[in-house]
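**Q** Here is my input, please return the structure:
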Amino acid sequence: MPRAESSETPAEPDAPEASAAPDTAGAGGTADAGGADAPRPKSRRHPVATTGTYPPEGSAAALGSGHPVPVRQWPIVIVLTMVGVGLAVTALNQFRPGVVTIGAALLLACVLRVALPDVGMLAVRSRFTDVLVMGVLGVAIILLALASEPDPVITLPFVNEIARFLGRGGG
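**A** Numbers count the residues shown, from 1 in each chain. Model prediction:
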């Protein structure tokens, strides 16, 4: 129906003036002949369709449309598979290797985002933001997994300070 209205609008130049007259009349009650030239008040309603939103850079599928979706989206499939393996290892009561695997998956996602021009669904924000967030989170997850008790592989002084502040530190 809206298409029929839009096709009739150019044929009837008086139709917009007739519909604009009640809007521009205001408190006076009548609109003069020059009322059609007066600017219409801006609507406070949200637009029906979102405009000005663009997909992130590099969000095109990694392979062409001739391939099935998992193959086209292979970067996110590999990263999510690694995260799934890390969660499975963690569920099997191997905390540190599982969490390190999840951190490594984030670092792999960071490297894929930097190295490949199109990564499909792995692109969420701008390339810079994606790389920064995935890299920082990947490094943080790996460092915290390696510093976790019991028997930490590395020692991070600020973790001991946080634990002491929370009342859980031994020193």
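**Q** Go ahead and confirm T90 touches G98.
**A** Yes. Counting by Cβ atoms under 8 Å, T90 touches G98, with 3.1 Å between them. For every residue, glycine as well, the C-beta is placed using N, CA and C.
**Q** how about low-confidence regions in this protein?
**A** Applying pLDDT under 70 to the chain flags the ranges 1-36, 47, 50, 168-171.
**Q** Pick out the residue closest to the middle of it.
**A** Closest to where the C-alpha atoms of the chain average out (Cα atoms, centre = their mean) is V124, at 4.2 Å.
**Q** Let me know whether it touches D130 as I believe.
**A** Yes. Counting by Cβ under 8 Å, V124 sits close enough to D130 to count as a contact (6.0 Å).
**Q** Overlap of the contact sets of these two?
**A** P56 (Cβ atoms under 8 Å, 6 or more residues apart in numbering).
**Q** count of residues packed around D130?
**A** Counted with other Cβ atoms under 10 Å, the neighbours of D130 add up to 22.
**Q** by contact count, what packs against the host helix or strand of it?
**A** Using DSSP states H and E, the secondary-structure element containing D130 is helix 127-146. The contact analysis (3 or more Cβ pairs under 8 Å, 6 or more residues apart in numbering; DSSP states H and E) places helix 127-146 against helix 95-115.
**Q** Please identify the buried residues of the helix it packs on?
**A** Within helix 95-115, the residues that qualify as buried are 96, 98-110, 112-113, counting by 16 or more other Cβ atoms under 10 Å.
**Q** Of those residues, which is the nearest to L143?
**A** Nearest to L143 among the buried residues of helix 95-115, counting by Cβ to Cβ, is G103 at 8.2 Å.
**Q** Between the two ends of stretch 44-52, what distance do you get?
**A** Distance across stretch 44-52, first residue to last, is 18 Å (Cα to Cα, to the nearest Å).
**Q** I'd guessed I78 sits against V111; true?
**A** No. The pair I78 / V111 is not scored as a contact, 11.1 Å apart, by Cβ under 8 Å.
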